[in-house]
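Peer 1: build the 3D model from these lines:
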Amino acid sequence: MSEWIIPDWPAPPGVRALVTTREGGVSAGPFASMNLAAHVGDDPAAVVENRRRLRAQIPAEPVWLTQVHGVRVVDVASAFHGAEADAAVAREPGAACAVLTADCLPLLLCDEAGAAVAAAHAGWRGLAGGVIEATVRAMGVAPERLLAYLGPAIGPQAFEVGPEVREAFVSHSPAAAAAFSPKADGKWLADLYRLATQRLGALGVVRVFGGGCCSYHEAERFYSYRRDKVTGRMASLIWME
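Peer 2: Reported below is the predicted structural model:
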């Protein structure tokens, strides 16, 4: 099984992206094997080696963010490692945007001219709070010129949420109700892919690719916090050559 996912989308020449899986690293135990997060309790030396292996595939060390399920977006040209943010944009060649996930939705964006790229970490809190809208705004590109890729996230048959989560989305847009399926116990199954596609579409971003994976059910391929609690993180990255 490949340790990288190369997104299948019509990105313009010069734009590159990849998504790591849990394959191909040196971490052990619940972090096996390509954990890229330094904050989850893994052996720091293993994380350093895993990041070194990733670095060999990309033009520069990405700016590793401190993700807080918020909506702040940073420009990697001026951001520092550990910056508290949930999305990053880049407008210069060689600068890599990166987000870490283990059930939350990683969103990659580029414009059709290859002049701007972005990566966003979009769990339900970030989605409801407007991280997609903030990221698109920060790119400074007309939304209809953007292409979006939805990386591996917890799927709609596994993401159980309470009624307050559904209400957070439906109060923003009644159309969001279509992304929730009721359960007998008063809980709901939420479709992060559909919610993100709705948010993108409302902005005018209609060329949306990816989706369809389930980090929860594909245990051999992906980390899942909902499934395992103690686990690693995958990275989703995008850059311009």
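Peer 1: what segments of this protein are strands?
Peer 2: Taking DSSP state E as the test, the strands found in the chain are 4-5, 15-20, 73-75, 87-90, 97-101, 105-111, 117-122, 146-150, 160-161, 180-182, 188-190, 207-210, 234-240.
Peer 1: and the ones you listed as JSON lines, adding mean neighbour count and distance to Q67?
Peer 2: Placement of C-beta: from N, CA and C, glycine included. As requested, the strands of the chain are exported to JSON lines (neighbours: other Cβ atoms under 10 Å; distance: least, Cβ to Cβ, whole Å):
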{"stretch": "strand 4-5", "mean neighbour count": "16", "distance to Q67": "20"}
{"stretch": "strand 15-20", "mean neighbour count": "23", "distance to Q67": "16"}
{"stretch": "strand 73-75", "mean neighbour count": "20", "distance to Q67": "11"}
{"stretch": "strand 87-90", "mean neighbour count": "28", "distance to Q67": "9"}
{"stretch": "strand 97-101", "mean neighbour count": "27", "distance to Q67": "7"}
{"stretch": "strand 105-111", "mean neighbour count": "27", "distance to Q67": "11"}
{"stretch": "strand 117-122", "mean neighbour count": "29", "distance to Q67": "5"}
{"stretch": "strand 146-150", "mean neighbour count": "24", "distance to Q67": "17"}
{"stretch": "strand 160-161", "mean neighbour count": "15", "distance to Q67": "19"}
{"stretch": "strand 180-182", "mean neighbour count": "15", "distance to Q67": "24"}
{"stretch": "strand 188-190", "mean neighbour count": "20", "distance to Q67": "20"}
{"stretch": "strand 207-210", "mean neighbour count": "17", "distance to Q67": "20"}
{"stretch": "strand 234-240", "mean neighbour count": "25", "distance to Q67": "12"}
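Peer 1: want to throw those into a markdown table with distance to A134?
Peer 2: Output for the strands of the chain, formatted as a markdown table (distance: least, Cβ to Cβ, whole Å):
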| stretch | distance to A134 |
| --- | --- |
| strand 4-5 | 25 |
| strand 15-20 | 20 |
| strand 73-75 | 5 |
| strand 87-90 | 7 |
| strand 97-101 | 14 |
| strand 105-111 | 12 |
| strand 117-122 | 8 |
| strand 146-150 | 14 |
| strand 160-161 | 22 |
| strand 180-182 | 23 |
| strand 188-190 | 21 |
| strand 207-210 | 18 |
| strand 234-240 | 17 |
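Peer 1: nearest to R51, out of these?
Peer 2: The minimum distance between R51 and the strands of the chain falls on strand 234-240, with 8.8 Å, by Cβ to Cβ.
Peer 1: and the closest one, which strands flank it?
Peer 2: Paired with strand 234-240 in the same sheet, following DSSP bridges, are strand 15-20 (antiparallel), strand 97-101 (antiparallel).
Peer 1: report the beta-bridge partners for the most centrally placed residue in the chain.
Peer 2: Central residue of the chain (Cα atoms, centre = their mean): P106, 1.1 Å from the mean position. On the basis of DSSP bridges, P106 is bridged to H121.
Peer 1: what's it in contact with, if anything?
Peer 2: Shown in contact with P106 (Cβ atoms under 8 Å, 6 or more residues apart in numbering): V19, V99, A119, A120, H121, A122, L150, G151, P152, A153, M234, S236.
Peer 1: 10 Å instead, please
Peer 2: 19, 98-100, 119-122, 149-153, 210, 234-238 (Cβ atoms under 10 Å, 6 or more residues apart in numbering).
Peer 1: still on that earlier bit, just put the strands of the chain in CSV and tack on distance to P30 and mean pLDDT.
Peer 2: As requested, the strands of the chain are exported to CSV (distance: least, Cβ to Cβ, whole Å; pLDDT from 0 to 100):
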stretch, distance to P30, mean pLDDT
strand 4-5, 21, 94
strand 15-20, 17, 98
strand 73-75, 30, 98
strand 87-90, 27, 98
strand 97-101, 16, 98
strand 105-111, 21, 98
strand 117-122, 21, 98
strand 146-150, 26, 98
strand 160-161, 22, 98
strand 180-182, 30, 98
strand 188-190, 25, 98
strand 207-210, 26, 98
strand 234-240, 14, 98
